[in-house]
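S.K.: here is my input, please return the structure:
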Amino acid sequence: MLDIKFVRDNPDIVKQNIKNKFQEEKLPLVDQVIDLYAQSLEAKQAAEALLANRNNISKQIGMLKGQAKKDPALVEENEAKIAQLSAQVTAEAQEREALLAKQSELDAKVREIMLVIPNIIDPSVPIGPDDSCNVEVQRFGEPVVPDFPIPYHTDIMASFVGIDLTSARRVSGTGFYYLIGDIARLHEAVLAYARDFMIDRGFTYVIPPYMIRGEMVEGVMSFPEMDAMMYKIDDPTVTDPKNNLYLIGTSEHSMIARFNGQIIPEQELPLTLTSYSPCFRKEKGSHGLEERGVYRIHQFEKQEMIVICKPEESMDWYEKLWRNSVDLFRSLDIPVRQLECCSGDLADLKVKSCDIEAWSPRQQKYFEVCSCSNLGDAQARRLGIRYSQQVETVDKKGKKKVKTVNQLAHTLNNTCVAPPRMLIAFLENNLNADGSVDIPEALRPYMGGKAKLEKAKTYIPPQD
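M.R.: Just a heads-up that it's a prediction; the model follows:
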């Protein structure tokens with residue numbers, strides 16, 4: 001969310017940013033919110049003037065009472081004046097109350113619109129309407145196409161008696177799965193390895209709540225994202241929408257919300273956190289063959305990276321975060337590439353974002369496994385996340401003073417790993433012609449020392 005004062009002072013910049021994001025339908029909102037803000041300021045100033053006048057009248061009443069005490073001949077005359085002034089105070093108090101109510105209503109409308117106006121994107125972001133305009137930046141590792149056919153990922157899992165989609169469909173519906181045996185163990189091994197990988201890089205491990213209140217949802221994401229992603233828990237006993245609970249779609253939601261309304265001492269920044277959670281997503285719409293199986297699902301687990309830092313450090317952290325993903329995937333012998341997201345593919349809160357895509361030997365193309373985002377101060381402004389900074393000032397006499405200034409922090413996030421999607425890349429890139437799967441050395445301690453997974457000897461029906 002932008003600062004309303006920035007919008008008021010820079011309407012052309014805000015409008016051009018909206019055009020760059022191909023959201024022309026939002027252009028009228030800029031002039032509308034500036035007008036509403038002006039009305040709010042006018043109501044506030046009028047209310048402040050009435051308050052100042054009440055203080056003046058109170059002094060006049062005090063003076064008249066004092067005169068009457070000293071001169072009894074003035075009692076009747078001054079009582080009449082006091083009654084008249086008291087009536088004026090009552091009338092102006094009612095007028096002030098109405099002005100404050102109007103200001104509150106206008107401020108609510110301003111905030112409602114400000115939540116919709118997109119954040120200012122970084123100048124380096126490529127301009128384009130959708131993900132077809134995303135730009136490949138660089139590749140890491142040599143993509144290999146083996147000289148033997150690679151089965152669909154659920155068929156690879158089934159060859160190890162590692163997946164049961166049929167039962168999951170019967171129990172829970174489409175978009176769910178049972179992972180079994182070595183595949184289930186591999187799933188957890190990847191998460192544990194990612195956890196330790198990030199801890200070794202100085203990140204603090206956190207397990208957050210898996211549900212958050214409605215007002216926290218508003219703080220971490222835009223409404224279109226919320227509608228497309230999050231499951232609301234229907235509780236008829238909850239009357240205030242702010243208290244409705246939602247299942248998180250990523251641990252970023254509850255991790256950032258943890259710092260709602262807090263002022264973080266400057267010396268504690270940056271906060272570098274890595275969090276584990278299950279994630280729940282609606283995944284609306286129809287999807288193609290390659291997005292079936294366990295690629296696009298309603299429930300999965302993820303290891304995440306979160307950074308809260310000072311504004312001047314956020315772009316450096318953005319670079320570090322996506323490189324962490326590259327290093328992790330390369331340590332598991334998976335070729336990846338960095339893909340810069342274009343303006344039209346950025347969610348409204350994002351300043352800059354890139355995807356890390358893993359190589360799929362079966363499809364002979366890359367697919368998304370990580371998403372790294374710098375949200376600037378958008379989430380911090382919505383949630384009131386600030387940091388305190390000691391600033392040295394010099395007064396008119398040349399005397400130096402140190403005062404505490406509270407400023408909005410910047411927030412960033414990146415996927416570390418998100419199996420079972422990550423397992424697709426792992427299995428395809430480590431598959432052998434005989435159907436076995438090599439376990440990279442880095443992962444073997446988490447797999448009980450196994451160097452290879454061997455196919456089951458019994459026949460397993462194909463999985464779709």
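S.K.: number of residues surrounding Leu51?
M.R.: For Leu51, the number of neighbouring residues by other CB atoms under 10 Å comes to 14. For every residue, glycine as well, the C-beta is placed using N, CA and C.
S.K.: low-confidence stretches in this protein?
M.R.: Applying pLDDT under 70 to the chain flags the ranges 68, 75, 284-291, 459-464.
S.K.: which ones are touching the spatially closest residue to His153 that is not a sequence neighbour?
M.R.: Leaving aside its chain neighbours, His153 sits nearest to Ile424 (4.3 Å; criterion: CB to CB, 6 or more residues apart in numbering). Shown in contact with Ile424 (CB atoms under 8 Å, 6 or more residues apart in numbering): 153, 293-295, 358, 360, 367.
S.K.: what about Ile424, which helix or strand?
M.R.: Per DSSP states H and E, Ile424 falls inside helix 421-429.
S.K.: go through this protein and flag its longest helix.
M.R.: Counting by DSSP state H, the longest helix found in the chain is helix 27-70.
S.K.: packing partners for that helix?
M.R.: helix 4-9, helix 11-20, helix 75-114 (3 or more CB pairs under 8 Å, 6 or more residues apart in numbering; DSSP states H and E).
S.K.: export those helices to CSV and append columns for distance to Ala192.
M.R.: Below are the helices and strands packed on helix 27-70 laid out as CSV (distance: least, CB to CB, whole Å):
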stretch, distance to Ala192
helix 4-9, 44
helix 11-20, 42
helix 75-114, 42
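S.K.: CSV please, covering these and showing mean neighbour count.
M.R.: Shown next, in CSV, are the helices and strands packed on helix 27-70 (neighbours: other CB atoms under 10 Å):
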stretch, mean neighbour count
helix 4-9, 15
helix 11-20, 16
helix 75-114, 14
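S.K.: mind checking which of the ones you listed is nearest Asn374?
M.R.: helix 11-20 (15.4 Å; CB to CB).
S.K.: report the angle between that closest one and helix 27-70.
M.R.: 140 degrees (axes from the mean of the first three to the mean of the last three CA atoms, to 10 degrees).
S.K.: the helix or strand hosting Asp155: how far from the chain's middle?
M.R.: Using DSSP H and E, Asp155 sits within helix 153-158. How far helix 153-158 lies from its chain's middle: 33 Å, per CA atoms, centre = their mean, to the nearest Å.
S.K.: tally of neighbours for the nearest residue to Ala358 once chain neighbours are set aside?
M.R.: Closest residue in space to Ala358, ignoring its immediate chain neighbours: Ala425 at 3.6 Å, by CB to CB, 6+ apart. By other CB under 10 Å, 25 other residues sit near Ala425.
S.K.: what does the one 3 residues further on give?
M.R.: Other residues within reach of Glu428 by the criterion other CB under 10 Å amount to 22.
S.K.: wait, it touches Gln364, no?
M.R.: No - with contacts counted by CB atoms under 8 Å, Glu428 stays clear of Gln364, the gap being 10.5 Å.
S.K.: tell me who's in contact with Val238.
M.R.: The contact partners of Val238, taken as CB under 8 Å, 6+ apart, are 244-245.
S.K.: tell me the spacing between Ala46 and Ile334.
M.R.: 64 Å (CB to CB, to the nearest Å).
S.K.: same check, this time on Gln32
M.R.: Here the criterion is CB to CB. By it, Gln32 lies 48 Å from Ile334.
S.K.: and those two? which has more neighbours close in?
M.R.: Ile334 (23 against 13).
S.K.: surely the more buried one and Phe426 touch.
M.R.: Yes - counting by CB under 8 Å, Phe426 is a contact partner of Ile334 at 6.5 Å.
S.K.: enumerate every residue touching Gly435.
M.R.: Per CB under 8 Å, 6+ apart, neighbours of Gly435: 156, 159, 455.
S.K.: for it, what are phi and psi?
M.R.: phi 90, psi -10 (degrees, to the nearest 10).
S.K.: the helices in the stretch 251-400 of the chain, which residues?
M.R.: 252-257, 314-331, 378-383 (DSSP state H, counting those that start in this stretch).
S.K.: out of these, flag the one nearest Ile163.
M.R.: For Ile163, the closest of those is helix 314-331, at 22.1 Å, according to CB to CB.
S.K.: any buried residues in the closest one, and which?
M.R.: For helix 314-331, a neighbour-count test (16 or more other CB atoms under 10 Å) marks 314-315, 317-318, 320-322, 324-326, 328-329 as buried.
S.K.: wait, what's in contact with Ser40?
M.R.: For Ser40, the contact set (CB under 8 Å, 6+ apart) comprises 103, 106-107, 110.
S.K.: change it to 6 Å
M.R.: Applying CB atoms under 6 Å, 6 or more residues apart in numbering to Ser40 gives the contacts 103, 106-107.
S.K.: mind checking how far it is from Phe6?
M.R.: Distance of Ser40 to Phe6, computed by CB to CB: 16 Å.
S.K.: how distant is stretch 11-25 from the center of its chain?
M.R.: Centre-to-centre, stretch 11-25 and its host chain are 21 Å apart (CA atoms, centre = their mean).
S.K.: likewise for stretch 309-317?
M.R.: Offset of stretch 309-317 from its chain centre (CA atoms, centre = their mean): 16 Å.
S.K.: pull the CA atoms of it into PDB?
M.R.: Provided in PDB are the C-alpha atoms of stretch 309-317 (Å, rounded to 0.1, in the frame of the first residue of the first chain):
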ATOM      1  CA  CYS A 309      15.100  -5.200   6.900                       C
ATOM      2  CA  LYS A 310      15.800  -1.500   6.500                       C
ATOM      3  CA  PRO A 311      14.800   0.000   3.100                       C
ATOM      4  CA  GLU A 312      18.300   0.600   1.900                       C
ATOM      5  CA  GLU A 313      19.100  -3.100   2.400                       C
ATOM      6  CA  SER A 314      16.100  -4.700   0.700                       C
ATOM      7  CA  MET A 315      17.500  -5.000  -2.800                       C
ATOM      8  CA  ASP A 316      20.700  -6.700  -1.500                       C
ATOM      9  CA  TRP A 317      18.500  -9.200   0.400                       C
END
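S.K.: quick one, what contacts the residue nearest the centre of the chain?
M.R.: For the chain, Val220 is the residue whose C-alpha lies nearest the centre (CA atoms, centre = their mean; 4.2 Å). When contacts are counted by CB under 6 Å, 6+ apart, Val220 touches 253, 256, 379.
S.K.: out of these, grab the one that's most surrounded.
M.R.: So for these (other CB under 10 Å), the most neighbours sit at His253, 30 neighbours.
S.K.: against Val7, how distant is that residue?
M.R.: As judged by CB to CB, His253 and Val7 stand 26 Å apart.
S.K.: and if you look at Ser353?
M.R.: Going from Ser353 to Val7 by CB to CB gives 22 Å.
S.K.: for the stretch 251-400 of the chain, which segments count as strands?
M.R.: Using DSSP state E, counting those that start in this stretch, the strands of the stretch 251-400 of the chain run over residues 263-265, 271-280, 299-309, 336-340, 352-360, 365-374, 386-394, 400-408.
S.K.: can you name every helix or strand that the fourth one contacts?
M.R.: In this structure, strand 336-340 makes packing contacts with strand 135-140, strand 352-360, judged by 3 or more CB pairs under 6 Å, 6 or more residues apart in numbering; DSSP states H and E.
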